[in-house]
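Novice: Please find the sequence and the predicted model below.
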Amino acid sequence: MSDLLELPEHVYPVFGLCLGYPDQQPEVKPRLPLAAILKEDSYNDSSDEQLVASFDDTMARYYRARAGGNKDTNWSEQLKPLFTSKLRPHMKEFLNKRGFGVK
C-alpha cells in the first residue's frame, strides 16, 4: 500500500476502510459501553469490571445466536490472543524500511 500510495519516508498506512452497502440486513454487533471506554478528567475504573462482565454475557449470547450455538466464547476470551502472543511480527521490518528504525 505504501508503494501504491507513493508515501514518503516516516509515513505509513494505519488502516484501510471499505465503504459501501451490504447486500443483506446484518444484525448490529453489540459494543462495549461508552462508560467503560471514555474517561474524563480521571481514570475511574470502579465500575469497569462489572461493565466488562455484563458485556461478556451480551457477547456470549450474540456469538451463540449468530453461530447457531457453535461458538461458545465472549469478548474477553476473544481478546486474549492480542495480549498473549506477538502480533504482526512483519511490522518491524516494514517500519524500518519506512524510516522508523530503532536507535
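Specialist: Received the coordinates, thanks. Residues are numbered from 1 along each chain as shown.
Novice: middle-most residue in the chain, spatially?
Specialist: Central residue of the chain (Cα atoms, centre = their mean): Leu79, 8.4 Å from the mean position.
Novice: Can you name the element that comes right after the helix or strand containing Ala36?
Specialist: For Ala36, the host element (DSSP states H and E) is helix 34-37. Using DSSP H and E, the next helix or strand after helix 34-37 towards the C-terminus is helix 48-66.
Novice: export that next one as CSV, just CAs?
Specialist: Below are the C-alpha coordinates for helix 48-66, written out as CSV (Å, rounded to 0.1, in the frame of the first residue of the first chain):
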residue,chain,number,x,y,z
ASP,A,48,-15.4,-1.2,34.6
GLU,A,49,-15.2,-4.8,35.9
GLN,A,50,-19.0,-5.0,36.1
LEU,A,51,-19.4,-3.3,32.7
VAL,A,52,-17.0,-5.8,31.1
ALA,A,53,-18.6,-8.8,32.8
SER,A,54,-22.0,-7.7,31.6
PHE,A,55,-20.6,-7.1,28.1
ASP,A,56,-19.0,-10.6,28.1
ASP,A,57,-22.5,-12.0,28.8
THR,A,58,-24.0,-10.0,26.0
MET,A,59,-21.3,-11.1,23.5
ALA,A,60,-21.6,-14.7,24.6
ARG,A,61,-25.3,-14.6,23.7
TYR,A,62,-24.6,-12.7,20.5
TYR,A,63,-21.9,-15.3,19.4
ARG,A,64,-24.2,-18.3,20.2
ALA,A,65,-27.1,-16.8,18.3
ARG,A,66,-25.0,-15.7,15.3
